[in-house]
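*Asks:* All I have is the shape, not the residue letters:
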């Protein structure tokens, strides 16, 4: 990942990158620890459930997204923090064997008035499966350091 600063995130810019394969073992491990619902923890019961099979917890998908987001969008040289996210949506189930990737579109970038050495970047993050279908979307707010002079 190259160094990026606030100035490198103009509105309309699109960043794509990374892949992560979702395994059944990881789905089960995450769900048993953090989201113990049968659609995530019991393959036999899930086969007869609403989704017709085991699916990853949405929170597991969000954690995988964060790994891709931190690795392929945020720069260690400039990423400061995030005050939150808007509009988190789980649009399609994520299943064992799915391969997820990331697409980030910058929707707004403005320099902070109170802290002129940083800016606020708003973006649309889409997590796609191997078919190119959006399985999750969200709108994070990122605080990004400006390029040093």
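*Replies:* That came through fine. Because the structure is a prediction, the values reported are computed rather than measured.
*Asks:* The residue nearest to the spatial centre of the chain sits in which helix or strand?
*Replies:* Closest to where the C-alpha atoms of the chain average out (CA atoms, centre = their mean) is residue 65, at 2.8 Å. If you go by DSSP states H and E, residue 65 is part of helix 58-72.
*Asks:* Summarise which helices and strands that helix is packed against.
*Replies:* For helix 58-72, the packing partners by 3 or more CB pairs under 8 Å, 6 or more residues apart in numbering; DSSP states H and E come out as strand 14-21, helix 24-34, strand 79-90, strand 99-111, strand 118-128, strand 134-145. Any C-beta I mention is one placed from the backbone N, CA and C, and that applies to glycine too.
*Asks:* The longest one: how far from the chain's middle?
*Replies:* Yep, that's strand 99-111 we're talking about. 9 Å (CA atoms, centre = their mean, to the nearest Å).
*Asks:* Same check on the shortest one?
*Replies:* Mean-position distance between strand 14-21 and its chain equals 10 Å (CA atoms, centre = their mean).
*Asks:* Direction included, what does it pair up with?
*Replies:* As defined by DSSP bridges, the strand partners of strand 14-21 come to strand 99-111 (antiparallel).
*Asks:* hmm, who's touching the partner strand?
*Replies:* 6, 9-22, 61, 64-65, 68-69, 72-73, 94, 118-130, 135, 139, 146 (CB atoms under 8 Å, 6 or more residues apart in numbering).
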